[in-house]
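In: got a sequence here, can you model it:
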Amino acid sequence: MGKRGRAAVVVLGDIGRSPRMQYHALSLARQTFLEVDIVAYGGSEPHISVLEHQSIHIHKMPQWPTLPRLPELLRPLFLMLKPIFQFFVLLWYLCVKIPVPDVFIVQNPPSVPTLVVVKFASWLRHSAFIIDWHNFGYTLLALSLGRSSLFVAIYRWIEKGCGKMAHGSLCVTKAMQHELSQNWGIKATVLYDQPPEFFRPASLEEKHSLFCRISKHINEPYGRRDCVSNVHVAGSAGPQNNDPSVTPFTTKVGTDISLKQNRPALVVSSTSWTPDEDFGILLEAALMYDRRVAALLGEDDKTGDEIGWDEKQFAYPRLLFIITGKGPQKEKYEKKIRKLNLKRVAFRTMWLSAEDYPLLLGSADLGVCLHTSSSGLDLPMKVVDMFGCGLPVCAVSYSCIKELVDVEKNGLLFSSSSELADELMMLFEGFPEKCNALKSMRSNLMERVSSVRWATTWEEHAKPLITEVIAENYT
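Out: Residues are numbered from 1 along each chain as shown. Model (predicted):
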């Protein structure tokens, strides 16, 4: 049987929220000239470069239906039925619906039933089988069931067994490579996440255009006016929410666009709103920043007077946190945000398109990452994207994060809300002109922005493995 000139990229999840697998598909199509079939769930739109590429074909599987709250007795039954449903749907797509590929490349986790089905499909269709290890699935299950659970032990056994049967493996860190080699008997190639070309610093025109597009979200706070929505434009009768030439960050006069000197500092955090990201740390740090700045400037928040942000320059700026992402704990934390009485900090949550998200990162002043890793062996891709946009990052410290964050060179690490508040105070003192530490980190990142990209890293590390595995499968 000859080569088919096809690859299948498999994700038992929302393809729009699986950027690394989108990048795999693009590289397979652009750099190996294969036809690519993506088998995944719908939900969020992938990047336009994936949607418009003529060699990439997306097959969206039906999902397990969202059911109303069930009686306790029925929950175990439905928990068992869900993976069975997923098993047969995935089996149908991989074994029947898509053309026969030379290679399956599957994202792990989730491991069950994904790895079992892909292994069977690769055997049935005489295709190679590569796992891209983003994390360990059993460690994610352990977050809810506990490490001592029998289900976690069984899950790990399946994950390890299927992993050893793969023809090749990629992983995201050296720490994970070592774990796979020493304790799982699996040889893996490290393919670090790198930003694709559309993650880059935004131009002034792009910033102004983006802020105009999301102005409705920016100017609508949680139930009360705040330090961003309450600022008035000189000469106007109300808050700045209708004038397309003015945003909280930029002003346009004719064709000239400029950044406001008294603009808020824009801090971006992307989260999946799950238990392995403690968003409470960010809320506590924001509250500490608010109170510490008040104390340093001798301001009394008890008076209820509004601060005249549009009237003068302050030693410490307002902070606007824009939190992007979807997930189960979003509403819980939005309720907490509404209860905060902050004078100098504002929060907005929103979901951006795959095209606008890189522009937001490229327009921001600082990124915050709350990812802690269930295994302690993976790295947050959101930080990679931020670095691609020249954006310094404050990230939660854990075992292998220093493979990505070089402290004081491209970012800072913190272990508590107090440490994060200290970093916000240090980085934004004298903003926007005098914050030297922030400028230095941005300068370091800008030197690397164009030199290390996904396509280059993929060509060096992933392409040889994929080519070798396909060739060996036909010998």
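
In: buried residues, stretch 175-192. List them.
Out: 175, 176, 177, 179, 180, 184, 186, 188, 190, 191, 192 (16 or more other C-beta atoms under 10 Å). C-beta here means a position set from N, CA and C on the backbone, and glycine is covered the same way.

In: could you tell me which of the residues you listed are located in strands?
Out: residue 190 (DSSP state E).

In: determine which two of the buried residues of stretch 175-192 are furthest apart.
Out: Using C-beta to C-beta, the two most remote members of the buried residues of stretch 175-192 are 184 and 192, lying 20.0 Å apart.

In: hmm, back to that, want to try a markdown table for the buried residues of stretch 175-192, with distance to residue 56 and pLDDT as columns?
Out: As requested, those are arranged in a markdown table below (distance: C-beta to C-beta, whole Å; pLDDT from 0 to 100):
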| residue | distance to residue 56 | pLDDT |
| --- | --- | --- |
| 175 | 32 | 93 |
| 176 | 27 | 96 |
| 177 | 29 | 97 |
| 179 | 32 | 96 |
| 180 | 29 | 97 |
| 184 | 32 | 96 |
| 186 | 29 | 97 |
| 188 | 25 | 97 |
| 190 | 25 | 96 |
| 191 | 19 | 96 |
| 192 | 23 | 93 |
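
In: return the member of the buried residues of stretch 175-192 nearest to residue 166.
Out: Among these, and counting by C-beta to C-beta, the member closest to residue 166 is residue 186, at 7.7 Å.

In: what's across from residue 132 in the sheet?
Out: Beta-bridge pairing for residue 132 (DSSP bridges): residue 107, residue 170.

In: which regions of this protein lie under the pLDDT threshold?
Out: 1-2, 67-68, 70, 72, 75-76, 221-224, 230-243, 299-313, 450-451 (pLDDT under 70).

In: give me the nearest residue to the residue most central in space within it, chain neighbours excluded.
Out: Central residue of the chain (C-alpha atoms, centre = their mean): residue 382, 3.8 Å from the mean position. In space, residue 382 comes closest to residue 270 once its chain neighbours are excluded; the distance is 4.4 Å by C-beta to C-beta, 6 or more residues apart in numbering.

In: how near is the closest residue to residue 277 other than its chain neighbours to residue 87?
Out: The shortest distance from residue 277 to any non-neighbouring residue, by C-beta to C-beta, 6+ apart, is to residue 370 (4.3 Å). With distances taken as C-beta to C-beta, to the nearest Å, residue 370 is found 33 Å from residue 87.

In: which one of these two is surrounded by more residues?
Out: More crowded of residue 370 and residue 87, by other C-beta atoms under 10 Å: residue 370, with 23 against 16.

In: ok, that one - contacts?
Out: 269, 271, 277, 278, 279, 281, 282, 396 (C-beta atoms under 8 Å, 6 or more residues apart in numbering).

In: tell me the contacts of the second one?
Out: Think residue 271. Per C-beta under 8 Å, 6+ apart, neighbours of residue 271: 277, 279, 323, 324, 325, 327, 370.

In: what about burial for those residues, which qualify?
Out: Buried among these (16+ other C-beta under 10 Å): 277, 279, 323, 324, 325, 370.

In: residue 321 belongs to a strand?
Out: Yes: under DSSP: H, G, I helix; E, B strand; the rest coil, residue 321 sits within a strand.

In: who's it bridged to?
Out: In beta-bridge terms (that is, DSSP bridges), residue 321 pairs with residue 267, residue 347.

In: can you name the residues that contact residue 20?
Out: 107, 132, 134, 193, 381.

In: switch to 7 Å and redo it
Out: Each residue near residue 20 by C-beta atoms under 7 Å, 6 or more residues apart in numbering is listed here: 134, 193, 381.

In: now, which of those sits nearest residue 374?
Out: Nearest member of these to residue 374, counting by C-beta to C-beta, is residue 134, at 11.0 Å.

In: and that closest one, how far from residue 105?
Out: Counting by C-beta to C-beta - residue 134 and residue 105 are separated by 12 Å.
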